[in-house]
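1. Requesting a structural model of the entry that follows:
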Amino acid sequence: MRETQTEVLVVGAGPVGLWTALLLAERGIEVTLIDRELRTTARSYACALHPATLKLLDSMGMAESAIARGRRVDTLAFYEGATRHAEIHFAKLGGSFPFLLVLPQNALEGLLEQRLRAAGVAVHWNHRFEEFTQEEECVSAVVEELEGTSTGYIVPHWETVVKNRANIRTEFLIGADGHNSMVRPRAGLEYQRTGPTESFAAFEFESTSIITDELRVVLDETTTNVLWPLAENRCRWTFQLQRAELSGDFPEKERRAVRLDEPTIDERVRQYVQKVARQRAPWFNHEVKKVHWCSEVNFERRLVAHFGRGRCWLVGDAAHQTGPVGVQSMNRGFAEAAALSSILHRIVREAGSLDLLDTFDREQQQAWRMLVSPAGGLKPRPGASPWISQRCARILPCLPAYGADLEKLASQLALEPS
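-> Just a heads-up that it's a prediction; the model follows:
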């Protein structure tokens, strides 16, 4: 088996994995980045960048490029049916980026990969992490290079086969490979459930009229729904499904662009979006012109008992999951990557102690305790409206922030940490 060496091996080239590899490379750390997919995602999923994430991007001179590719959102409004119950203004956060940036994930990944190439690091696409052994001074990881082959004669189909296997010796292994992480279970890191499974359907479409620069969340008795404004007069409805309809814990996200080109199917989907939107949000008087893609996915509240051990660590969705509205998991992952890359630089370049990683673990657990732990959460202050008070647990995962920024946003609703 062929053997190579690197200082840090990052598994997973989604937004957080790309960001992690970039931070390490910019710090002068030799990094290898692999992903089992063929390329960056072709569709948008985690599409909102928090003000804190924009500040991180700005530290690398990338915020301006990101803002040029996205859509600024200044207000978050909460509805039930036709009634507008509350609103949040991001301007009250202050700072350099007092707004939410709605940015398609493929645009974000493209921006990060381009900067990574400029730093001399190429993503090894079509490479699958298989297993690893941890030694005192290094990690030995087995990686498989994949290729596709067409099989069948009457009904041909595409299969993925292993082309080569290699052993990569690395000082540290970082799992940034999402909810279906291969690194997490192989590292023996327990993935604890902190909430029930929630199923959502997302529909990205064109509208015949302009959607305002406002994120609108509809909380009815049983579902959470959100209308996202996107660039180029597109928008997205994300509807919570009232019953789980998908198999598997975390259905794998499709990275190939799928368009609804069959006229009959396209019209049926368009009518469905129009119908459900008007049922759950009677104020939605826009016409759904064309649905470009749709997706169904399950979300759970989960958190690892530890972010890592020894020389193997996790960041982003590999370590936690929240609902899709506040996009807390991805954005918090950017902060984790910044903290972890700084610590690894101290260890690899300045002979720092491995005990620094235990501090990293404690800090991340503390940051997440408020977001997903039953012991954390928000409570109403005196003067909070009955509507807000009854829904404070459901409002928490809808707030696009964490830490001090989350507390500032919550305070506008007369909520505070419990």
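2. where do the strands sit along the stretch 1-150 of the chain?
-> Assigned by DSSP state E, counting those that start in this stretch, the strands in the stretch 1-150 of the chain fall at 2-11, 31-35, 48-49, 71-73, 75-80, 83-89, 100-102, 124-125, 127-134, 139-151.
3. contact partners of the fifth one?
-> Going back to what we said before, that points to strand 75-80. With CB atoms under 8 Å, 6 or more residues apart in numbering as the test, strand 75-80 has contacts from 84-90, 100, 213-220, 281, 283, 387, 395, 398-400, 409, 413. Backbone N, C-alpha and C define where each C-beta goes, glycine included.
4. now do the third one
-> Residues from elsewhere that reach strand 48-49 (CB under 8 Å, 6+ apart): 57, 66, 70, 73, 100-103, 108, 215, 228, 327, 331, 400.
5. tell me how far it is from the chain's mean position?
-> 9 Å (CA atoms, centre = their mean, to the nearest Å).
6. Can you list the strands that it pairs with?
-> When sheet partners are counted by DSSP bridges, strand 48-49 sits next to strand 100-102 (antiparallel).
7. Show residues contacting the strand it pairs with.
-> Identification of contacts with strand 100-102 by CB under 8 Å, 6+ apart yields 47-51, 54, 66-67, 70-74, 76, 90, 215, 228-231, 400.
8. what about stretch 28-36, how long is it end to end?
-> Using CA to CA, to the nearest Å, one end of stretch 28-36 lies 25 Å from the other.
9. what residues does it touch?
-> Stretch 28-36 is contacted from outside by 4, 6-14, 17-18, 21, 24-25, 116, 121, 123-129, 143, 146, 168, 170, 177, 341, 344-345, 348-349, using CB under 8 Å, 6+ apart.
10. Quick check: buried residues in stretch 200-208?
-> By neighbour count on 16 or more other CB atoms under 10 Å, the buried set for stretch 200-208 is 200, 201, 202, 203, 204, 205, 207.
11. from the residues you listed, which has minimum pLDDT?
-> Among those, residue 207 carries the lowest pLDDT, at 87.
12. Excluding residues flanking it in the chain, which one is nearest it?
-> Closest residue to residue 207 apart from its sequence neighbours, by CB to CB, 6 or more residues apart in numbering: residue 286 at 4.6 Å.
13. Return the per-residue confidence for that neighbour.
-> Residue 286 is assigned a pLDDT of 89 by the prediction.
14. now the one 10 residues further on
-> Reading off the per-residue confidence, residue 296 sits at a pLDDT of 87.
15. Can you list the residue ranges for helices in this protein?
-> 15-26, 51-59, 63-69, 105-118, 183-186, 263-280, 328-350, 355-372, 386-390, 392-395, 403-411 (DSSP state H).
16. And for the fifth one, what's in contact with it?
-> By that I understand helix 183-186. Applying CB under 8 Å, 6+ apart, the set of residues contacting helix 183-186 is 11, 129, 131-132, 173-175, 177, 191, 304, 312, 314, 318-319.
17. Need the helices of the chain in TSV (columns: distance to residue 137, mean neighbour count and mean pLDDT).
-> Shown next, in TSV, are the helices of the chain (distance: least, CB to CB, whole Å; neighbours: other CB atoms under 10 Å; pLDDT from 0 to 100):
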stretch	distance to residue 137	mean neighbour count	mean pLDDT
helix 15-26	19	27	98
helix 51-59	31	20	98
helix 63-69	38	15	96
helix 105-118	27	19	95
helix 183-186	19	19	98
helix 263-280	55	15	88
helix 328-350	12	21	97
helix 355-372	15	17	94
helix 386-390	54	14	97
helix 392-395	46	18	94
helix 403-411	35	18	97
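18. Those helices: which one's closest to residue 298?
-> Of all those, helix 328-350 sits nearest to residue 298, with 13.7 Å by CB to CB.
19. Return the closest one as CSV; C-alpha atoms alone will do.
-> C-alpha atoms of helix 328-350 as CSV (Å, rounded to 0.1, in the frame of the first residue of the first chain):
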residue,chain,number,x,y,z
GLN,A,328,-26.2,27.3,13.9
SER,A,329,-24.3,24.1,13.2
MET,A,330,-22.4,25.3,10.2
ASN,A,331,-21.6,28.8,11.5
ARG,A,332,-20.5,27.4,14.9
GLY,A,333,-18.3,25.0,12.9
PHE,A,334,-16.4,28.0,11.4
ALA,A,335,-15.6,29.2,14.9
GLU,A,336,-14.5,25.8,16.0
ALA,A,337,-12.2,25.5,13.0
ALA,A,338,-10.6,28.9,13.9
ALA,A,339,-10.0,27.8,17.5
LEU,A,340,-8.7,24.4,16.5
SER,A,341,-6.3,25.6,13.8
SER,A,342,-4.8,28.1,16.3
ILE,A,343,-4.2,25.4,18.8
LEU,A,344,-2.7,23.0,16.3
HIS,A,345,-0.3,25.7,15.1
ARG,A,346,0.8,26.1,18.7
ILE,A,347,1.3,22.4,19.1
VAL,A,348,3.0,21.7,15.7
ARG,A,349,5.1,24.8,15.4
GLU,A,350,5.6,26.0,18.9
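20. Point out the other helices and strands that that helix packs with.
-> If you count contacts as 3 or more CB pairs under 8 Å, 6 or more residues apart in numbering; DSSP states H and E, helix 328-350 packs onto strand 2-11, helix 15-26, helix 51-59, strand 157-175, strand 320-321, helix 355-372.
21. Tell me the buried residues in the fourth one?
-> In other words, strand 157-175. Buried residues in strand 157-175, counted by 16+ other CB under 10 Å: 166, 168, 170, 171, 172, 173, 174, 175.
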